[in-house]
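In: Have a look at this fold, sequence not included:
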């Protein structure tokens, strides 16, 4: 599990996955806003989760929408 400091709280991969699972396809900036990250930090976290096969991205216009891969087990 990777934890990166965002403002005064650290968020786990499970925190991000639970958020994406609840929200459905979500843009990078929305993730950044929710977790108090700057946009590049949110993007790096999401790309890492994508490389691990936990999320997938879809380009819509100029934005990337992120969603949890169906087969991923999320710790609640």
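Out: Received, thanks. Predicted, not measured: the structure shown is a model, and the values here were computed from it.

In: Give me the pLDDT for residue 10.
Out: Residue-level confidence at residue 10 comes out at 84, pLDDT.

In: Can you show me the strands along this structure?
Out: Remark: strands assigned in the chain by DSSP state E are 4-6, 9-11, 26-27, 55-60, 63-68.

In: Now do the first one, average pLDDT.
Out: Spelled out, that is strand 4-6. 48.

In: how many neighbours does residue 60 have?
Out: 10 (other C-beta atoms under 10 Å). For glycine as for every other residue, the C-beta is placed from the backbone atoms N, C-alpha and C.

In: any idea how far it is from residue 53?
Out: Residue 60 sits 21 Å away from residue 53, going by C-beta to C-beta, to the nearest Å.

In: The lengthiest helix in the chain - what's its average pLDDT?
Out: The helix that spans the most residues within the chain, counting by DSSP state H, is helix 39-51. If you average the pLDDT over helix 39-51, you get 96.

In: hmm, back to that, mean pLDDT lowest where, among the strands of the chain?
Out: Note on the strands of the chain: strand 4-6 shows the lowest mean pLDDT, a mean of 48.

In: Phi first, then psi, for the residue of the chain positioned farthest from its centre.
Out: Distance from the centre of the chain peaks at residue 61, with 19.0 Å (C-alpha atoms, centre = their mean). Dihedral pair for residue 61: phi 60, psi -130, per degrees, to the nearest 10.
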